[in-house]
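S.K.: everything below, folded, please.
(2 chains)
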Protein chains: 2
Amino acid sequence: MNDVASLAGVSRGSVSNYINGKKIKLDTQEKIKEAIAALNYIPNATARSLKTSKSNFVVFILPTVNSPFFSALSYHMQQELQRYGYKMILCNSNNRSEEEIEYIQMANTQKVAGLITMSYAEVSNLIATDIPLVSIEKRVSDKVPLVIADNYAGGQLAAHTLSQSGAKHLLFVSKNPVKNISTIREKSFFDYCNTHGMIADRFIARDIPNFVDDFQEFILAHIQDHQFDYDGIFSDSDEYASDFYNILIREGIKIPNQVQIIGFDGARVYARQKINLSSIKQPTDKIAEKAVEKLLLQFNGDNKNISLDDQTFLPVSFEQGMTTRVIF
Amino acid sequence: MNDVASLAGVSRGSVSNYINGKKIKLDTQEKIKEAIAALNYIPNATARSLKTSKSNFVVFILPTVNSPFFSALSYHMQQELQRYGYKMILCNSNNRSEEEIEYIQMANTQKVAGLITMSYAEVSNLIATDIPLVSIEKRVSDKVPLVIADNYAGGQLAAHTLSQSGAKHLLFVSKNPVKNISTIREKSFFDYCNTHGMIADRFIARDIPNFVDDFQEFILAHIQDHQFDYDGIFSDSDEYASDFYNILIREGIKIPNQVQIIGFDGARVYARQKINLSSIKQPTDKIAEKAVEKLLLQFNGDNKNISLDDQTFLPVSFEQGMTTRVIF
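M.R.: Okay, the predicted model is just below:
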């Protein structure tokens, strides 16, 4: 900083003010800018953040990035943060609360600008109260805004779509434990079936590493004369839905002619490409947009717009892939 | 810290020593441990890192996470770092060098333990010389270890596999600009074809957002009487290979009967599932393992094992999907 001040012919204080974004004279600004460029000077972010008590980093805690949904969400989150000049630090907790806690400690001590979390641990008491926080999908505490897709509408939409495209004997498939949002997706699916007098069963695989064997066994037990006992399948996850798809195809069942399948999430493997599996699509772009909006409100100290029970439900939509019939 | 010292009945210095991992008496350790648990005390990581000059965070800079390959690689990187007690901070540069530079500045000032980068910018001069660094896929400088898949072997293996499974008229497809590892994959593919007297053409889409239209136009111009002019396709990317697959299927071409397709990367959408597209698989697990190994060598100050020209080439393999014939 001394070198910059010396080359620019201004005081060290002026350089410090410039770096910290304080108001200084226009010609002084220009001189400092040129000196910084000439010296390839990089301001010390820690020193700066200790002065201003904030950085432009936002920590985003995810359970994993190794799935299309979380990949897409983190992509949109970064794009959205970037629009407002913030950088994203992606922390992948691998569904372990100890990991989450360490990331939150880092966020606390490094004075990041804010925290967005899909945390599944009970961590609200660990977060410094002065760090703006937004939760996605699962409520951290009743003092933190929540952004979530309308999972209840999603289960209903899946049952409705299968019904409209001619399925008569429905099946809900998942894997133990079925909890949180999965419970909601399942409940709304069966609520629709009950209301509309549709037959619907459920099959839940055990919580074991090779749970796909359970899917396989169930399917084999329900195929007779090249016909599967169910003609409409819904899963709370694209992953399990695609397991069913793969096994049914391998057993010679025609999809969507004999069996139609709808998953949940609707994230694309490559952003440009169409999905193969029909699915209830979560609006990852809108979720990111809303989460960042709720965070920025807190940056601006505009907490009056955040009630203690601030929840944003975002609409889901049905996305036609190749596993449901096209309804005209 | 004062509260912990007071409750444990030990000096503040002992608590500080305990937190910083210095040797203290066993019974003192126990007292401090209990006091920390009772008070739910979280040591200030910044304060600790300022004292010890290092943290247990490793920054991993990726161009994007929104693709199965980068998702899988970041998953394995985290697993591997965790084995040795390090946490990963994933920074997604979105292929912009300004982003990378800001992340590197953060790494410099926050005294992270190390940096692993798939950076595409020229950033070697920006990295503090005392931060252990490993590069993946693209060389940062000749002083930094490089871990990379054997891309040359990959292109050869693709041509060899297509040839063995009966393809006679090969096509290489990609999108402009074809550079770095893509150039190597293409060159080795054609080298094999030339050596073995096989016919091979190339089609490269323009560098425009809707470049898939170029693929579409090319394919339509080369279909006559329900036959595509080529019977073996290789792309340097699973993404472009799956574009070709989708268009050919839509045009009624049978795969793999009429046309066989091999992509590059071989990353799975869900870790447990088989791939649909046959591909040259990069060993994401081994890449992560080797990168962390090269980083740990530097942590231990064991630089004598890192030459100025340290490059690790990891073997690729052919992974059978549903787009090539099974060879017995």
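
S.K.: now do the helix or strand where residue A:147 lies: everything it contacts.
M.R.: Assigned by DSSP states H and E, residue A:147 belongs to strand A:146-149. Strand A:146-149 has contacts (CB atoms under 8 Å, 6 or more residues apart in numbering or on different chains) with A:134-140, A:181, A:282-283, A:287, A:290-291, A:294, A:310-316. C-betas here are computed from N, CA, C, even on glycine.

S.K.: if any of those residues are buried, put those into a PyMOL selection.
M.R.: To isolate the buried members of the contacts of strand A:146-149 in PyMOL, using 16 or more other CB atoms under 10 Å in any protein chain shown:
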select buried, chain A and resi 134+135+136+137+140+181+282+283+287+290+291+294+310+312+314+316
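
S.K.: quick one: which of the contacts of strand A:146-149 sit in helices?
M.R.: A:181, A:287, A:290, A:291, A:294 (DSSP state H).

S.K.: ok, back up a step: tell me which of the contacts of strand A:146-149 fall in strands.
M.R.: Judged by DSSP state E, strands contain the following of the contacts of strand A:146-149: A:134, A:135, A:136, A:311, A:312, A:313, A:314.

S.K.: now the second one: how far from residue A:58?
M.R.: Read that as residue A:135. 14 Å (CB to CB, to the nearest Å).

S.K.: need the residues touching each of those two.
M.R.: residue A:116.

S.K.: how distant is the helix or strand containing residue A:80 from the center of its chain?
M.R.: Under the criterion of DSSP H and E, residue A:80 resides in helix A:68-83. Offset of helix A:68-83 from its chain centre (CA atoms, centre = their mean, to the nearest Å): 8 Å.

S.K.: just confirm yes or no for that helix near chain B.
M.R.: Yes. Counting by CB under 8 Å from any CB of the partner chain, chain B has neighbours in helix A:68-83: A:68, A:71, A:72, A:74, A:75, A:78, A:79, A:82.

S.K.: neighbours of the third one, how many?
M.R.: Other residues near residue A:72 come to 23 when the count uses other CB atoms under 10 Å in any protein chain shown.

S.K.: give the contact list for it.
M.R.: A:267, A:268, A:271, A:284, B:66.

S.K.: neighbour-wise, which of those residues leads?
M.R.: residue B:66 (26 neighbours).

S.K.: and the stretch 1-150 of chain A, which of its residues are near chain B?
M.R.: A:42, A:44-47, A:55, A:57, A:64-68, A:71-72, A:74-75, A:78-79, A:82, A:87-92, A:94, A:99, A:102-103, A:105-106, A:108-110, A:126.

S.K.: re earlier: now the contacts of residue A:72 as JSON lines including distance to residue A:255 and secondary structure?
M.R.: Below are those laid out as JSON lines (distance: CB to CB, whole Å; DSSP: H, G, I helix; E, B strand; the rest coil):
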{"residue": "A:267", "distance to residue A:255": "20", "secondary structure": "coil"}
{"residue": "A:268", "distance to residue A:255": "19", "secondary structure": "coil"}
{"residue": "A:271", "distance to residue A:255": "25", "secondary structure": "coil"}
{"residue": "A:284", "distance to residue A:255": "26", "secondary structure": "helix"}
{"residue": "B:66", "distance to residue A:255": "27", "secondary structure": "coil"}
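
S.K.: just give me the closest of those to residue A:215.
M.R.: For these, the residue nearest residue A:215 by CB to CB is residue A:267; the value is 21.0 Å.

S.K.: for that closest one, which non-adjacent residue is spatially closest?
M.R.: With CB to CB, 6 or more residues apart in numbering or on different chains as the criterion, residue A:267 has its nearest non-adjacent residue at 3.7 Å, and that residue is residue A:68.

S.K.: next: residue A:165.
M.R.: residue A:325 (4.5 Å).

S.K.: tell me the secondary structure at that neighbour.
M.R.: Three-state assignment for residue A:325 (DSSP: H, G, I helix; E, B strand; the rest coil): coil.

S.K.: burial check on it, number of neighbours?
M.R.: By the measure other CB under 10 Å, the count of residues near residue A:325 is 16.

S.K.: what do you get for residue A:7?
M.R.: Counted by other CB under 10 Å, the residues lying close to residue A:7 total 17.

S.K.: look up phi and psi at it.
M.R.: phi -70, psi -40 (degrees, to the nearest 10).

S.K.: for it, give me its contacts.
M.R.: A:35, A:38, A:39.

S.K.: tell me how far it lies from chain B.
M.R.: For residue A:7, the distance to chain B equals 20 Å [CB to the nearest CB, to the nearest Å].

S.K.: repeat for residue A:322
M.R.: 10 Å.

S.K.: my guess is that residue contacts residue A:279, does it?
M.R.: No. Checked against CB atoms under 8 Å, the pair residue A:322 and residue A:279 is beyond contact range at 11.1 Å.

S.K.: give me the more crowded residue out of the two.
M.R.: Neighbour totals were compared for residue A:322 and residue A:279, and residue A:279 leads with 31 against 15 (other CB under 10 Å).

S.K.: apart from its chain neighbours, what residue comes closest to that one?
M.R.: residue A:266 is the one closest to residue A:279 (CB to CB, 6+ apart), at 3.7 Å.

S.K.: touching, that neighbour and residue A:238? I think so.
M.R.: Yes. At 7.1 Å, residue A:266 and residue A:238 qualify as touching, with contact defined as CB under 8 Å.

S.K.: what helices or strands is whatever helix or strand residue A:194 lives in leaning on?
M.R.: In the assignment (DSSP H and E), residue A:194 maps to helix A:181-195. Using 3 or more CB pairs under 8 Å, 6 or more residues apart in numbering or on different chains; DSSP states H and E, the elements in contact with helix A:181-195 are helix A:151-164, strand A:169-175, strand A:199-205.

S.K.: so which elements touch the helix or strand hosting residue A:32?
M.R.: Assigned by DSSP H and E, residue A:32 belongs to helix A:26-39. Using 3+ CB pairs under 8 Å, 6+ apart, the elements in contact with helix A:26-39 are helix A:2-8, helix A:12-19.

S.K.: give me the contact list for that helix.
M.R.: With CB under 8 Å, 6+ apart, helix A:26-39 has contacts from A:3, A:4, A:5, A:7, A:8, A:9, A:10, A:14, A:15, A:18, A:24, A:41.

S.K.: hmm, 7 Å instead?
M.R.: Contacts with helix A:26-39, where a contact means CB atoms under 7 Å, 6 or more residues apart in numbering or on different chains, come from A:3, A:4, A:7, A:8, A:9, A:10, A:14, A:15, A:18.

S.K.: pLDDT score for the first one?
M.R.: Meaning residue A:3. pLDDT for residue A:3: 84.

S.K.: count of neighbours near it?
M.R.: There are 13 residues near residue A:3, going by other CB under 10 Å.

S.K.: can you tell me the closest non-neighbouring residue to it?
M.R.: Closest to residue A:3 by CB to CB, 6+ apart is residue A:39, at 5.7 Å.

S.K.: now that neighbour: how far from chain B?
M.R.: Residue A:39 is 13 Å from chain B, by CB to the nearest CB.

S.K.: for that residue, grab the count of nearby residues.
M.R.: 13.

S.K.: just residue A:289 next, same as before
M.R.: 18.
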